[in-house]
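>>> Have a look; sequence and predicted model below, questions after that.
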Amino acid sequence: MNNYVEYSNIVPLVGPVDTAATAIATPFVDMSNAHSLAFVAFFGAITTGTADSNITVTVEASSAASSGAEVAVPFVYRLSGAVGANTWGAATTASTAGMSVASTDDNKILWVEIDPGAMLAELAGAQYVRMVLTPTADHTATLFGVWAELAPRYRQVTYVSAT
């Protein structure tokens, strides 16, 4: 049996939280020692005043692990089906404007894939990335948690910090 922790560096970023209508940005994740990086957001109950409300999800890259110099970047994502079903939507490329999670997407998982090699080459040293989740103003409940999964360049039991 494989020890999963030796193969993926899993970094908790946002514990389960009800953000209602407030935007939340995860901490920055350092991609410099990673072959690949995925953000995983698990949504719980989403309650809004109107049926067409959504949560805009974007990814920002920066050359520093602090706010102030971030740039929105494109990414690839998949949205799961309902809890208890092993179904996923097609892999879709989001522009720098991001993508939307509908208010009807309660209890679904969003998988966001980042290519560190392409990101570092495209943005000249932008080795830090974060996910930003922005609900529309009429959200009364927006429950979710976020973690990052990195495939490290050099696998080991104790990882180089990714935050």
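Looks like it arrived, so ask away.

>>> Can you tell me which helix or strand of this structure has the lowest average pLDDT?
Lowest on mean pLDDT, DSSP states H and E among the helices and strands of the chain sits helix 116-122, with a mean of 69.

>>> Buried residues, stretch 20-36. List them.
By neighbour count with 16 or more other Cβ atoms under 10 Å, stretch 20-36 contains the buried residues 21, 24-31, 33-34. Quick note: C-beta positions are derived from backbone N, CA and C, even for glycine.

>>> Ends of it, what's the gap?
31 Å (Cα to Cα, to the nearest Å).

>>> check which helix or strand covers the closest residue in space to residue 92 that isn't next to it in sequence.
Nearest non-adjacent residue to residue 92, counting by Cβ to Cβ, 6 or more residues apart in numbering: residue 77, 5.9 Å away. Using DSSP states H and E, residue 77 maps to strand 75-79.

>>> tell me how far that strand is from the chain's mean position?
Taking Cα atoms, centre = their mean, to the nearest Å, the mean C-alpha location of strand 75-79 is offset from the chain mean by 9 Å.

>>> ditto for stretch 61-81
Relative to its parent chain, stretch 61-81 has a centroid offset of 8 Å by Cα atoms, centre = their mean.

>>> What residues of that stretch count as buried?
By neighbour count on 16+ other Cβ under 10 Å, the buried set for stretch 61-81 is 61-62, 70, 73-75, 77, 79-80.
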